[in-house]
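In: Here's my sequence, what's the structure:
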Amino acid sequence: MRVLVAMSGGVDSSVAAALLKEAGHDVVGATLKLWGGASDSGCCSVSDVDDARRVAHSLDIDHHIFNYTSEFEAAVVKPFVEDHAAGLTPNPCIECNRAIKFDLLFERAERLGFDAVATGHHALVESWNGQPTLTRSVDPLKDQSYVLGYIQGPILRRLMLPIGGMNKEEVRVHAERLNLRTWNKPDSQDVCFIEASRGREEFLGQRIELTSAEVFDRVTQEVVGRVPAAQLVTLGQRRGIAPGFDGERRFVASVDLVNRRVEVDRIEAIMVSAIALRPDSLTFAYDEVPNGTRVIVQWSAHGRPVSATLETSDAPRLILDESARPVSAGQSVVFYDAETGRHVLGAAQVGR
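Out: Below is the predicted model:
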């Protein structure tokens with residue numbers, strides 16, 4: 001089988017390429033040039049591209065660089081900025097996967113005659129109910145099925161995830177055995193287009209006006225503090241929020257950008273039992289699941305899974321079995337099969 005491997009310059013994609021070659025596939029590596037600006041973190045630096053190229057050379061496979069900087073700016077960076085300006089909480093890594101890696105890259109692979117595309121994500125594609133289905137990896141600490149939750153059937157049929165059945169230590173051991181230069185390279189943790197040395201506030205501040213806001217106690221309606229950038233505040237947030245006059249911790253209950261007002265309250269007062277979903281964002285791997293389907297849901301990459309009922313009516317929402325902190329509009333929620341807790345059914349964005 002002729003396989004195009006997306007090589008980010010990290011150990012995971014390096015081992016993915018190695019495993020596929022060892023299995024006898026005709027493997028070609030491709031590194032995506034996505035961000036044209038400064039980068040000192042993530043997976044878009046010059047050193048990452050060089051690492052990918054050298055690993056490909058050591059594996060004796062061809063390596064190409066595909067330039068998607070303008071598409072990345074339009075599909076990932078611009079919406080990231082606009083969402084913050086509108087008071088939403090976007091996940092740029094999910095959007096990059098959806099719009100670039102599992103859209104444009106697959107289209108290009110098909111045009112070039114590849115049978116499949118592989119990545120180094122920690123997840124699996126398993127046959128389930130007669131269909132190839134995205135599934136959690138065997139390593140719960142590294143599982144990346146959440147950030148791949150929007151992938152649909154046509155892509156799943158051509159997707160290979162070679163390291164999903166390995167834990168991280170096994171991946172590194174395999175890379176060291178092959179003497180791959182990336183074997184002990186640290187994992188990428190940050191958004192690739194935001195320099196770690198500067199941070200999100202400085203990046204956004206160069207593109208939109210960030211406004212300060214007064215912080216009010218929701219019960220007493222007294223001013224208890226101020227935040228420098230209301231666009232960076234999310235529901236349920238505790239970091240940067242001062243305790244109340246009673247000394248108890250306070251959490252963000254609401255954010256009003258127009259009136260530059262943030263309200264806070266005790267944790268028990270802001271818990272929610274339902275999460276509204278944007279109707280136009282509902283995405284399923286295959287057919288839409290029936291209204292009232294029981295699911296396991298997750299709304300962050302390594303968040304605790306929660307049991308819920310998915311309502312897919314005109315006003316879709318999740319009815320949670322147990323109360324949880326509020327989830328900010330714009331965040332993604334991924335649905336897993338309730339019985340297995342492993343197989344991804346689909347995903348959606350949180351509505352207002």
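In: Name the helix or strand for residue 176, please.
Out: Taking DSSP states H and E as the criterion, residue 176 maps to helix 168-177.
In: How far does that helix sit from its chain's centre?
Out: Relative to its parent chain, helix 168-177 has a centroid offset of 24 Å by CA atoms, centre = their mean, to the nearest Å.
In: what's the answer for stretch 337-352, then?
Out: 14 Å.
In: How about stretch 249-261?
Out: With CA atoms, centre = their mean, you get 25 Å for stretch 249-261.
In: So for that stretch, what gets flagged as buried?
Out: Neighbour-count burial for stretch 249-261, counted by 16 or more other CB atoms under 10 Å, picks out 250, 251, 252, 253, 255, 257. In short, each C-beta sits where N, CA and C put it, glycine included.
In: Same list (the residues you listed) but as a markdown table, adding pLDDT.
Out: Converted to a markdown table, these look like this (pLDDT from 0 to 100):
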| residue | pLDDT |
| --- | --- |
| 250 | 95 |
| 251 | 96 |
| 252 | 97 |
| 253 | 96 |
| 255 | 96 |
| 257 | 96 |
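In: Out of those, name the ones that lie in strands.
Out: Among the buried residues of stretch 249-261, the members found in strands (DSSP state E) are 251, 252, 253, 255.
In: Farthest pair within the residues you listed?
Out: Spatially, the most separated pair among those is 251 and 255, at 12.0 Å (CB to CB).
In: Residue 211 and residue 222: what is the separation?
Out: 21 Å (CB to CB, to the nearest Å).
In: do residue 331 as well
Out: Note on residue 331: its distance to residue 222, by CB to CB, is 30 Å.
In: neighbour-wise, which of these two wins?
Out: Comparing residue 331 with residue 222 by other CB atoms under 10 Å, the one with more neighbours is residue 331, at 18 against 10.
In: Does that one touch residue 351 like I think?
Out: No. Contact between residue 331 and residue 351 fails when scored by CB atoms under 8 Å: they sit 10.3 Å apart.
In: On the C-terminal side of the helix or strand bottoming out on mean pLDDT in the chain, identify the next helix or strand.
Out: Scoring the helices and strands of the chain by mean pLDDT, DSSP states H and E places helix 46-59 at the bottom, with a mean of 89. The element immediately downstream of helix 46-59 (helix or strand, assigned by DSSP H and E) is strand 62-67.
In: Tell me the helices and strands packed up against that next one.
Out: On a contact count with 3 or more CB pairs under 8 Å, 6 or more residues apart in numbering; DSSP states H and E, strand 62-67 meets strand 26-33, helix 46-59.
In: mind saving the C-alpha coords of that strand as CSV?
Out: Only the C-alpha atoms of strand 62-67 are listed here, as CSV (Å, rounded to 0.1, in the frame of the first residue of the first chain):
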residue,chain,number,x,y,z
ASP,A,62,11.2,10.4,0.2
HIS,A,63,10.2,13.5,2.1
HIS,A,64,8.2,16.5,0.9
ILE,A,65,7.2,19.9,2.3
PHE,A,66,3.7,21.1,1.6
ASN,A,67,3.1,24.8,2.0
